[in-house]
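Enquirer: Sequence first, predicted model second:
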Amino acid sequence: MLKISARFLEEIYALGEKAYPEEGVGFLFGTDEGKAREIKVIHPVKNAREKEARHNRYDVAPQDIIDADEKAEEMGLSIIGVFHSHPDHPDKPSEFDLKWANTYFSYIITSVQDGKALASRSWRLQEDRSGFTEEEIVKS
């Protein structure tokens with residue numbers, strides 16, 4: 001289960017709409033209490049993918065990863081996931097997402113259709129890396 005405030009979900013929607021027609025991306029800072037995770041901060045970053053691929057791919061610059069990790073630690077939190085948008089595609093993981101995912105992270109994916117964010121779902125990569133399992137989002 002992933003707890004997130006309605007305000008943070010609205011911010012994720014707005015970031016996806018702002019990035020459209022490219023993928024928007026950022027980190028989820030929070031706490032992990034076993035079966036319950038809670039998002040305390042969202043931390044947007046620039047999509048570092050080459051311009052011609054940003055419409056269906058994202059990448060995060062190494063320095064942005066380091067900076068995010070340091071910022072989360074300063075706040076007494078951990079990076080527990082990543083959010084990103086799927087322009088004109090469903091809010092479910094792609095084959096690219098499967099290839100690059102981390103088994104620890106929660107992945108909130110937002111479908112942005114014609115510039116309007118429609119829905120978000122959260123996913124966790126299975127330990128054997130064979131696919132994703134949907135993680136329940138609970139608005140707090």
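Expert: Okay, I see it.
Enquirer: what mean pLDDT does stretch 91-99 have?
Expert: What stretch 91-99 shows for mean pLDDT is 94.
Enquirer: what sits up against that stretch?
Expert: 56-57, 86, 101, 107, 109-111, 118-121, 123, 125, 129, 131-132 (CB atoms under 8 Å, 6 or more residues apart in numbering). In short, each C-beta sits where N, CA and C put it, glycine included.
Enquirer: Can you list the buried residues in it?
Expert: 91, 93, 97 (16 or more other CB atoms under 10 Å).
Enquirer: CA atoms only: put it into CSV for me.
Expert: In CSV, the C-alpha atoms belonging to stretch 91-99 read as follows (Å, rounded to 0.1, in the frame of the first residue of the first chain):
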residue,chain,number,x,y,z
ASP,A,91,-0.8,4.3,-16.7
LYS,A,92,0.9,1.0,-16.7
PRO,A,93,4.5,0.0,-17.0
SER,A,94,6.1,-0.4,-20.5
GLU,A,95,8.8,-2.9,-21.5
PHE,A,96,11.3,-0.1,-21.1
ASP,A,97,10.1,0.4,-17.5
LEU,A,98,10.5,-3.3,-16.8
LYS,A,99,14.0,-3.3,-18.1
